[in-house]
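Trainee: sequence isn't available, so here's the structure alone:
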């Protein structure tokens, strides 16, 4: 058996003593869920609610989230049947319906202009597109029709259509940018950080009636705007066990948190679904196939050789916090994985390896070590996995990023994955953390900190993500980050 790598030589492998993070001596503060009951008993419900409600600024919960990273398919939490493509960003991001990208790239007028005009003249034609359409030019109007509606986000993060006046100069520029972006780059990646990967919360949040609602939401880092699609349900303390049992028995997507009175003072039942995007395609070695490869033709040997050339997952040693910073994704996941998407790998696993993987969900290449914490977008650090697994990993990766930022020379992390039968697949990603004299964590070693199964998982929305982080606070008496 291969010997496990150890923390750096100056670090002890085990820690016998914790060092708590220093706390300000001024007004009453909360360092974790266990302090809620203490503060409530000292100051009373009303004062507790006022203090905690001011604890964190309101968060904007964007409705738009990245549902499929391989194909850059975005979804609206409020309209899960719609797929969008991110195209460009001004002061706000702009999207179009996902299938409009193909329509624009196949538009007859655009392809004629591209073939008959010099690049500079082609760009000038696109610049004047909206004005020409407003003047009645039928070719320009065909492009506008294929573009369809342009969407953006309002100040609350809600997806809304952007009104366009083809006679307005600013709108003409936007139309030109949208058409040019869709034709030249296609669906793009909207780089707004890890939080954009999580869908907005939806479902029911049960909480202990003995605790103030504002206090519970403040401790979770939520306000009512974050819970627009979540029903808040106070429950008598003696009935919490019944609610928890009913949710467990029904197989609900369940998250719970104790706040000092019971092990389940907060019970969140998420109803966010995880169905496959209608525009997801099985792509293998740059070619598209049916889910069952019924149209594989004479490509069996070619695909077999190409799949075997995908690098199996690799583990890291202990990495210092100074290296756990966001890195560029390079040429992207498709290039790194020889033009296979993760859905294609999963379908090939069923076809050639005898797996029974669920193709009715979104699949994507998962980073063993996330890009926001130093992981390269290369073979060996990418494995096929479900979107729901990636959604589960994000809150933990965000914690690691912030702990590394808080005290980089006193923090380490290690990322492990074992290949299944020497292939690109794994059924276990584990992350371990080590801190010594850390400003937030004190002395702490967790081997592992958390484990994930990439090919089976539970979807985590934004509300669930906050509950996960607060659960870590409670378990270890430290502060995770929002």
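Mentor: Structure's in. What do you need? The model shown is predicted, which means the values in this text are computed figures rather than measured ones.

Trainee: average pLDDT for the helix or strand residue 171 falls within?
Mentor: Using DSSP states H and E, residue 171 falls within helix 169-184. The pLDDT scores in helix 169-184 average 93.

Trainee: list of residues touching it?
Mentor: Residues from elsewhere that reach helix 169-184 (C-beta atoms under 8 Å, 6 or more residues apart in numbering): 85, 87-88, 90, 94, 96, 100-101, 104-105, 110, 123, 126-131, 143-144, 147, 150, 162, 164-166, 188. In this view, the C-beta of every residue, glycine as well, is placed from N, C-alpha and C.

Trainee: can you pull the buried residues of it?
Mentor: Neighbour-count burial for helix 169-184 flags 171-172, 174-183 (criterion: 16 or more other C-beta atoms under 10 Å).

Trainee: now stretch 155-163
Mentor: 157-159.

Trainee: for it, what is the distance to the chain centroid?
Mentor: The chain centroid and the centroid of stretch 155-163 are separated by 20 Å under C-alpha atoms, centre = their mean, to the nearest Å.

Trainee: state the mean pLDDT of that stretch.
Mentor: pLDDT averaged over stretch 155-163 gives 88.

Trainee: contacting residues around that stretch?
Mentor: Taking contacts as C-beta under 8 Å, 6+ apart, the residues outside stretch 155-163 that touch it are 60-64, 76, 78-79, 84, 94-95, 149-154, 174, 200, 225.

Trainee: would you work out how far apart the start and end of it are?
Mentor: With C-alpha to C-alpha, to the nearest Å applied, stretch 155-163 spans 16 Å between its terminal residues.

Trainee: off-centre distance for the lengthiest helix in the chain?
Mentor: Counting by DSSP state H, the longest helix found in the chain is helix 387-406. Relative to its chain's centre, helix 387-406 lies at 9 Å (C-alpha atoms, centre = their mean).

Trainee: buried stuff in it?
Mentor: 387-404, 406.

Trainee: quick revisit: ok, so of the buried residues of helix 169-184, who is nearest residue 352?
Mentor: residue 182 (34.8 Å; C-beta to C-beta).

Trainee: quick one on the thing from earlier: just the closest of the buried residues of stretch 155-163 to residue 470, please.
Mentor: Nearest to residue 470 among these: residue 157, at 21.9 Å, using C-beta to C-beta.

Trainee: shouldn't the closest one be within a strand?
Mentor: No. Under DSSP: H, G, I helix; E, B strand; the rest coil, residue 157 falls outside any strand and is assigned coil.

Trainee: against residue 77, how distant is it?
Mentor: From residue 157 across to residue 77, the span is 9 Å (C-beta to C-beta, to the nearest Å).

Trainee: one step back: following the helix holding residue 171, which helix or strand comes up?
Mentor: Downstream of helix 169-184, the first helix or strand assigned by DSSP H and E is strand 203-208.

Trainee: could you list the domains of the chain?
Mentor: Residue ranges for each domain of the chain read 73-184, 282-458, as given by automatic domain parsing.

Trainee: which of those is buried the deepest?
Mentor: Ranked by mean neighbour count, these are led by domain 282-458 with a mean of 19 (mean count of other C-beta atoms under 10 Å).

Trainee: what's the overlap in contacts for residue 157 and residue 77?
Mentor: Jointly contacting residue 157 and residue 77 under the rule C-beta under 8 Å, 6+ apart are 63-64, 200.

Trainee: which of the residues you listed lies closest to residue 438?
Mentor: Using C-beta to C-beta, residue 200 is the member of the shared contacts of residue 157 and residue 77 that lies nearest residue 438, at 32.6 Å.

Trainee: parallel or antiparallel, which strands does the one helix or strand residue 152 maps to pair with?
Mentor: Per DSSP H and E: residue 152 is located in strand 150-153. Using DSSP bridges, strand 150-153 pairs in its sheet with strand 93-97 (antiparallel), strand 159-161 (antiparallel).

Trainee: heading C-terminal from the first one, find the next helix or strand.
Mentor: The reference is to strand 93-97. Next along from strand 93-97, by DSSP H and E: helix 99-105.

Trainee: and the contacts of that next one?
Mentor: Applying C-beta under 8 Å, 6+ apart, the contact partners of helix 99-105 are 83, 85, 110, 143, 146-148, 179, 182-183, 186-187, 279.

Trainee: can you put those residues in TSV and add distance to residue 205?
Mentor: What follows is these, written out as TSV (distance: C-beta to C-beta, whole Å):
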residue	distance to residue 205
83	28
85	32
110	48
143	46
146	42
147	40
148	36
179	43
182	39
183	44
186	38
187	34
279	32
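
Trainee: just flag the most distant two among the residues you listed.
Mentor: Greatest spacing in these, by C-beta to C-beta: 83 and 110 (21.7 Å).

Trainee: low-confidence ranges in the protein?
Mentor: Residues of the chain that meet the criterion pLDDT under 70 lie in 1-62, 192-197, 225, 473-482.

Trainee: before we move on, the earlier item: among the strands paired with strand 150-153, which is nearest residue 115?
Mentor: Closest among the strands paired with strand 150-153, once you apply C-beta to C-beta, is strand 93-97, at 23.8 Å.

Trainee: quick one: that closest one to chain centroid distance?
Mentor: For strand 93-97, the distance to the chain centre is 18 Å (C-alpha atoms, centre = their mean).

Trainee: how about stretch 407-419?
Mentor: Distance, stretch centre to chain centre, for stretch 407-419: 20 Å (C-alpha atoms, centre = their mean).

Trainee: same question for stretch 116-127.
Mentor: 38 Å.

Trainee: who's in contact with that stretch?
Mentor: Outside stretch 116-127, the residues that reach it (C-beta under 8 Å, 6+ apart) are 113-114, 172-173, 176, 179-180, 183.

Trainee: which of those lies closest to residue 219?
Mentor: Comparing the contacts of stretch 116-127 against residue 219 with C-beta to C-beta places residue 173 closest, at 45.7 Å.

Trainee: hmm, residue 330 is touching residue 375, no?
Mentor: No. Residue 330 lies out of contact with residue 375 (C-beta atoms under 8 Å); the separation is 11.2 Å.

Trainee: and the helices in the stretch 301-450 of the chain?
Mentor: 333-336, 342-353, 387-406 (DSSP state H, counting those that start in this stretch).

Trainee: and those: which comes nearest residue 444?
Mentor: Comparing the helices of the stretch 301-450 of the chain by C-beta to C-beta, helix 387-406 comes nearest, at 9.7 Å.

Trainee: tell me what the closest one is packed against?
Mentor: Counting contacts by 3 or more C-beta pairs under 8 Å, 6 or more residues apart in numbering; DSSP states H and E, helix 387-406 packs against strand 363-367, strand 411-417, strand 429-438, strand 442-452, helix 462-476.

Trainee: and residue 216, which of those is closest to it?
Mentor: helix 462-476 (10.2 Å).

Trainee: may I see the contacts of stretch 116-127 organised as JSON lines, with distance to residue 366 added?
Mentor: Conversion of the contacts of stretch 116-127 to JSON lines gives the following (distance: C-beta to C-beta, whole Å):
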{"residue": "113", "distance to residue 366": "40"}
{"residue": "114", "distance to residue 366": "36"}
{"residue": "172", "distance to residue 366": "41"}
{"residue": "173", "distance to residue 366": "38"}
{"residue": "176", "distance to residue 366": "36"}
{"residue": "179", "distance to residue 366": "33"}
{"residue": "180", "distance to residue 366": "32"}
{"residue": "183", "distance to residue 366": "30"}
